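Participant: coords please:
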Amino acid sequence: MSTSQIAFLKGHGTENDFVIVPDPDNAIDLPASAVARLCDRRAGIGGDGLLHVVRSAAHPEAQAMAGEAEWFMDYRNADGSIAEMCGNGVRVFAGYLQRAGHVEEGDLAVATRGGVKKAHLAKDGSITVSMGRALLPGDGVTVSLGGRSWAARNVNMGNPHAVAFVDDLAHAGDLLSVPSYSPASVYPDGVNIEFVVDRGPRHVAMRVHERGSGETRSCGTGACAVAVAAARRDGADPARTGTPVTYTVDLPGGTLVITERSDGEIEMTGPAVIVAEGLLDAAWLDTVLG
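Facilitator: Residues are numbered from 1 along each chain as shown. The predicted model follows:
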């Protein structure tokens with residue numbers, strides 16, 4: 001398949017990094033194999049995932065959301081598989097749109113497979129994303145690794161999470177392979193697994209194994225899931241008390257601030273950084289897409 005050169009950018013949100021492919025008219029076919037090559041850290045650009053930037057009206061999966069959100073974040077995991085949502089990805093996506101002149105400071109709606117997400121681009125460069133409400137299925141889950149097992153909280157943030165509170169983040173090992181969990185039927189499409197320790201009042205630290213990507217430096221939906229699980233563990237439920245609750249979540253790549261409002265909406269605030277832009281080599285791209 002011959003192709004013309006394709007523009008790309010590289011960005012990260014708390015070191016959760018992404019290849020960004022602007023494609024407003026949805027003219028670029030990106031099969032899973034091509035995404036995996038682009039995200040390869042030795043043979044490609046390298047990233048935890050890929051942000052395919054498309055106008056909602058031009059993508060069949062987003063056309064129904066075009067009236068609410070002009071832009072669709074067609075998100076792919078590093079292995080090329082499709083994911084519903086990526087919280088850090090939404091911030092970087094919004095940061096790219098501002099850099100490209102498509103949007104300005106203020107409020108922005110972004111279409112995702114997990115629904116329309118609201119973002120706010122602040123003057124100081126930070127971006128707040130409304131991540132929706134957490135669902136807390138009652139299924140009991142156990143996560144096991146390195147001879148240890150922990151009861152985990154099942155939290156769905158548009159994608160599935162298992163949150164385990166541990167004594168030491170080192171207990172998560174190298175997270176190169178998927179930690180085992182049971183019963184497997186609770187997560188038929190796989191799961192993101194968070195290991196969490198306390199750092200202080202409403203302050204936690206975490207590591208995460210993201211399905212399809214392995215351990216990543218940061219996971220926005222995971223940080224939200226962790227904050228909700230920590231709040232419930234600590235007896236806080238804003239929907240019941242009417243009082244918002246905020247947790248600071250430290251990740252290997254930086255810090256996110258998560259607030260659960262009294263209406264159940266969860267807001268995530270953090271940075272978005274664009275570090276490079278360029279053109280994919282046409283000959284190399286032919287081998288990837290061919």
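Participant: Output the below-cut-off pLDDT ranges for this structure.
Facilitator: Scanning the chain for pLDDT under 70 picks out 1-3.
Participant: The residue lying closest to D174 once chain neighbours are set aside and L50, how far apart?
Facilitator: Nearest in space to D174, with sequence neighbours left out and distances taken as CB to CB, 6 or more residues apart in numbering, is E215 at 7.4 Å. C-beta coordinates here come from the backbone N, C-alpha and C atoms, glycine included. Relative to L50, E215 is positioned 18 Å away (CB to CB, to the nearest Å).
Participant: what's the answer for N88, then?
Facilitator: 13 Å.
Participant: Now list whatever residues contact both of these two.
Facilitator: F18 (CB atoms under 8 Å, 6 or more residues apart in numbering).
Participant: Assign D198 to helix, strand or coil.
Facilitator: Under DSSP: H, G, I helix; E, B strand; the rest coil, D198 falls in the strand class.
Participant: the more surrounded of E215 and L50?
Facilitator: Counted by other CB atoms under 10 Å, E215 and L50 do not tie: L50 has more neighbours, with 25 against 19.
Participant: For the more buried one, give me its contacts.
Facilitator: Contacts of L50 by CB under 8 Å, 6+ apart are F18, V19, I20, V21, L30, V35, L38, C39, Y75, R76, A78.
Participant: Same question for L38.
Facilitator: By CB under 8 Å, 6+ apart, L38 lies in contact with F8, V19, V21, G44, I45, G47, L50, L280, V288.
Participant: host element of it?
Facilitator: helix 32-39 (DSSP states H and E).
Participant: Please flag which of the contacts of L38 sit within strands.
Facilitator: F8, V19, V21, L50, L280 (DSSP state E).
Participant: Name the secondary structure element that contains the closest residue to A32 other than its chain neighbours.
Facilitator: Distances taken as CB to CB, 6+ apart put G80 closest to A32, at 2.9 Å, once the chain neighbours are dropped. If you go by DSSP H and E, G80 is not part of any helix or strand.
Participant: Might one say that G80 is in contact with V35?
Facilitator: Yes: counting by CB atoms under 8 Å, G80 does reach V35; the two are 4.0 Å apart.
Participant: okay, the two: which has more neighbours?
Facilitator: Taking neighbours as other CB under 10 Å, G80 and V35 compare with V35 leading, 25 against 19.
Participant: isn't that one right up against I82?
Facilitator: No: with contact defined as CB under 8 Å, V35 does not count as touching I82 (9.3 Å).
Participant: Mind listing the shared neighbours of the two?
Facilitator: Taking CB under 8 Å, 6+ apart as the contact rule, the neighbours common to V35 and I82 are R76.
Participant: Not counting its neighbours along the chain, what's nearest L280?
Facilitator: Per CB to CB, 6+ apart, closest to L280 is I6, 4.7 Å.
Participant: Identify the residues contacting that neighbour.
Facilitator: V21, I28, L279, L280, L285.
Participant: sorry, back to before: what's the most distant pair in the ones in strands among the contacts of L38?
Facilitator: Using CB to CB, the two most remote members of these are L50 and L280, lying 12.1 Å apart.
Participant: just to revisit the earlier point, I figured the residue nearest to D174 hits R207, correct?
Facilitator: Yes: with contact defined as CB under 8 Å, E215 counts as touching R207 (6.5 Å).
Participant: what residues do these two have in common as contacts?
Facilitator: L175.
Participant: what about P183, neighbour count?
Facilitator: Neighbour count of P183, defined by other CB under 10 Å: 10.
Participant: Distance of the residue lying closest to D17 once chain neighbours are set aside relative to G114?
Facilitator: Residue nearest to D17 in three dimensions, not counting chain neighbours: G47, with 4.9 Å by CB to CB, 6+ apart. As judged by CB to CB, G47 and G114 stand 20 Å apart.
Participant: okay, these two: which has more neighbours?
Facilitator: Using other CB under 10 Å, the more surrounded residue of G47 and G114 is G47, with 26 against 21.
Participant: List the residues that contact the more buried one.
Facilitator: G47 neighbours (CB under 8 Å, 6+ apart): K10, D17, F18, V19, L38, C39, R41, A78.
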